[in-house]
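[1] with the input below, show me the fold.
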Amino acid sequence: MRTTFLVCYDIRDDKRLRRVFRTMRDFGDHLQYSIFECQFNPIDLARCRHALSEIIKHNEDQVLFVDLGPTAGRGERVISALGQPYVAFDSPCIVV
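    You can find the predicted model right below:
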């Protein structure tokens, strides 16, 4: 069974930040700067956590996994915003 997660990260080094971003592109949809929406089964979640664990500096960086519940039966994604409206990214984002 797949579960939807928001993966949010705060990485203090630009090189590690770029590596985390590139890694996360393999696991989910880029929503905003350091936020991805991912649909994980337990193995995918473990793979993602392991890949990120190899990149980050554990005493400086932080990665949060926010469990949004089962993917099945959720219907379409509903995101509301304050300020600038939410726009889905159709093209890849480049972090410099």
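
[2] switch to C-alpha atoms for all contacts and neighbour counts from now on
    Will do.

[3] how about the strands in this protein?
    3-10, 28-32, 35-40, 62-70 (DSSP state E).

[4] those strands: which one's closest to residue 49?
    When the strands of the chain are compared by CA to CA, strand 62-70 sits nearest residue 49, at 9.0 Å.

[5] mean confidence (pLDDT) on that closest one, please.
    Confidence over strand 62-70 (mean pLDDT, whole number) is 91.

[6] okay, the strands of the chain in a markdown table with mean neighbour count and distance to residue 53 next?
    Shown next, in a markdown table, are the strands of the chain (neighbours: other CA atoms under 10 Å; distance: least, CA to CA, whole Å):
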| stretch | mean neighbour count | distance to residue 53 |
| --- | --- | --- |
| strand 3-10 | 19 | 12 |
| strand 28-32 | 18 | 17 |
| strand 35-40 | 22 | 16 |
| strand 62-70 | 14 | 9 |
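
[7] ok, which of the ones you listed comes nearest residue 56?
    strand 62-70 (7.9 Å).

[8] the closest one packs against which elements?
    Where contact means 3 or more CA pairs under 8 Å, 6 or more residues apart in numbering; DSSP states H and E, strand 62-70 is packed against strand 3-10.

[9] contacts for the strand it packs on, please.
    Strand 3-10 is contacted by residues 34-41, 61-72 when judged by CA atoms under 8 Å, 6 or more residues apart in numbering.

[10] who's in contact with residue 42?
    By CA under 8 Å, 6+ apart, the neighbours of residue 42 are 1, 2.

[11] adjust the sequence numbering to begin at 48 for everything that follows.
    OK, 48 is where the count begins now, so the last one is residue 89.

[12] can you count the residues close to the residue nearest to residue 95 when sequence neighbours are not counted?
    Distances taken as CA to CA, 6 or more residues apart in numbering place residue 74 nearest to residue 95, at 7.1 Å, with adjacent residues excluded. Residues lying near residue 74 (other CA atoms under 10 Å) number 18.

[13] what pLDDT is listed against residue 74?
    97.

[14] is it in contact with residue 85, as I believe?
    Yes. Contact between residue 74 and residue 85 holds when scored by CA atoms under 8 Å: they sit 6.2 Å apart.

[15] tell me the gap between stretch 103-111 and the middle of its chain.
    In terms of CA atoms, centre = their mean, to the nearest Å, the centre of stretch 103-111 is set 14 Å apart from its chain centre.
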